[in-house]
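*Asks:* Return a 3D structure for these sequence lines:
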Amino acid sequence: MRGVLGVDVRMHKGTLYLRRAATAGLLGLGCAGSAPLYAADPTQPQISEGSAFEEQGGAQLYQAICQGCHMSEGQGAIGAGMYPALRQNPRLGSAAYPAYNVLHGRNGMPAFGKQLSDVQVADVVNYVRTHFDNHFTDAIGAADVSKLR
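*Replies:* This is a model prediction of the structure:
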């Protein structure tokens with residue numbers, strides 16, 4: 001369903017979700033493509049505990065969660081916030097760095113550890129590290145992600 005300001009809205013198991021709306025970050029609702037909406041501090045990115053992302057595979061997870069802030073080609077953005085570029089990013093050289101950030105958040109990035117399984121975190125991290133002109137070949141596994149929790 002198309003909601004206010006062109007934001008795609010869906011209901012799943014009693015929770016209201018945003019879907020890839022460019023205006024989400026500008027409204028202070030967070031950047032995650034499927035982040036649940038609920039009443040809280042509107043200046044902080046919000047991810048509701050207890051809900052989970054259903055997407056599987058690195059590309060699908062990136063499109064649903066990450067590209068709203070980091071952009072479709074990983075180029076990052078500056079505007080309502082600062083969203084670092086993932087394209088040709090040397091900080092991705094250690095797989096633990098992006099995995100830890102996905103799990104626990106960093107600066108304005110919300111933590112996704114409660115919404116993603118270890119496999120999902122590994123999949124999206126491996127996707128980012130092998131796309132967007134990144135060529136890191138040492139994959140992180142679900143067991144490695146579990147240790148970072």
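*Asks:* drop to CA atoms for contacts and neighbour counts, all remaining ones
*Replies:* Fine.
*Asks:* Do I have it right that T130 meets I140?
*Replies:* No - the pair T130 and I140 does not pass the contact test of C-alpha atoms under 8 Å, sitting 11.6 Å apart.
*Asks:* Give the residue spans of the protein that score low on pLDDT.
*Replies:* 1-50 (pLDDT under 70).
*Asks:* list the contacts for R129?
*Replies:* R129 makes contacts with 92-93, 95, 135-137, as judged by C-alpha atoms under 8 Å, 6 or more residues apart in numbering.
*Asks:* do A143 as well
*Replies:* By C-alpha under 8 Å, 6+ apart, the neighbours of A143 are D118.
*Asks:* Now whichever helix or strand D144 is part of: buried residues?
*Replies:* Assigned by DSSP states H and E, D144 falls within helix 142-148. By 16 or more other C-alpha atoms under 10 Å, the buried positions in helix 142-148 come out as 144-145.
*Asks:* about what we covered before: redo the contacts of R129 as a markdown table? Include distance to K147 and neighbour count.
*Replies:* Listed next are the contacts of R129 as a markdown table, based on distance: C-alpha to C-alpha, whole Å; neighbours: other C-alpha atoms under 10 Å:
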| residue | distance to K147 | neighbour count |
| --- | --- | --- |
| L92 | 18 | 21 |
| G93 | 18 | 16 |
| A95 | 13 | 22 |
| H135 | 24 | 14 |
| F136 | 21 | 17 |
| T137 | 20 | 11 |
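*Asks:* For these, name the two members farthest from one another.
*Replies:* A95 and H135 (11.9 Å; C-alpha to C-alpha).
*Asks:* would you list every one of the helices in this structure?
*Replies:* 58-61, 67-70, 96-104, 118-130, 142-148 (DSSP state H).
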